[in-house]
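Asker: Quick one, what's the 3D model for this:
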Amino acid sequence: MKNLIFDCYVSSDKSKLDIDKIMSLMKQSYWAMDRSEETLKKSIENSICYGMYHDNNLVGFGRVVTDYSTVYWICDVIIDVNCQGNGLGKQLMQSIMSTQELDGLLGILATKDAHGLYEQYGFIKEPHKFMMKKRTKL
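Answerer: Here you go, the predicted model:
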């Protein structure tokens, strides 16, 4: 599916989201492959969500968690494996970063392998600053 970037669009309309397709995308990830549908639905309810669509079929997804005052966290950014390599991750990130409610807030995210993508949007590595408490249950 090369050159999809011209045919794709991003929407933050949650009513357009396809939960089954998002579950399928999460199973392609290293961070959410075991996430339950119940957990996914709850995370969507409590986040700003971005769906990326080609012919109205969801091919990418991302979420932002924020207090709208001090900080936002970008998470679950993923493009279907069959559509990767077309610049869709950049298009999705551009849509997320153009969200006016996030202007002036501290942005954070975690990634194992996409540092180059996120650095294009001003994110920097802070290896000795952040701490994490792992989940005890899914």
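
Asker: quick one: contacts for Tyr72?
Answerer: 64-66, 102, 105-108 (Cβ atoms under 8 Å, 6 or more residues apart in numbering). C-beta here means a position set from N, CA and C on the backbone, and glycine is covered the same way.

Asker: Helices of this structure, start to end?
Answerer: For the chain, the helices defined by DSSP state H occupy 19-27, 37-45, 88-97, 115-119.

Asker: most neighbours per residue, which of these?
Answerer: Among these, helix 88-97 has the highest mean neighbour count (mean count of other Cβ atoms under 10 Å), at a mean of 19.

Asker: Dump that one to CSV, keeping only the CA atoms.
Answerer: C-alpha atoms of helix 88-97 as CSV (Å, rounded to 0.1, in the frame of the first residue of the first chain):
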residue,chain,number,x,y,z
LEU,A,88,1.7,7.9,7.8
GLY,A,89,3.3,8.0,11.3
LYS,A,90,4.5,11.5,10.5
GLN,A,91,1.1,12.6,9.2
LEU,A,92,-0.5,11.2,12.4
MET,A,93,2.1,12.9,14.6
GLN,A,94,1.6,16.2,12.8
SER,A,95,-2.2,16.0,13.5
ILE,A,96,-1.5,15.2,17.2
MET,A,97,1.0,18.1,17.5
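
Asker: For that helix, give me every contacting residue.
Answerer: Under the criterion Cβ under 8 Å, 6+ apart, residues 4-5, 8, 10, 12, 50, 52, 59-60, 62, 64, 74, 77, 79, 102, 114, 117-118, 120-121 lie in contact with helix 88-97.

Asker: Give me the below-cutoff pLDDT ranges for this structure.
Answerer: In the prediction, the chain carries residues with pLDDT under 70 at positions 1-6, 137-138.

Asker: The same query, at a cut-off of 90, please.
Answerer: For the chain, the stretches flagged by pLDDT under 90 are 1-7, 56, 85-86, 113, 126-138.
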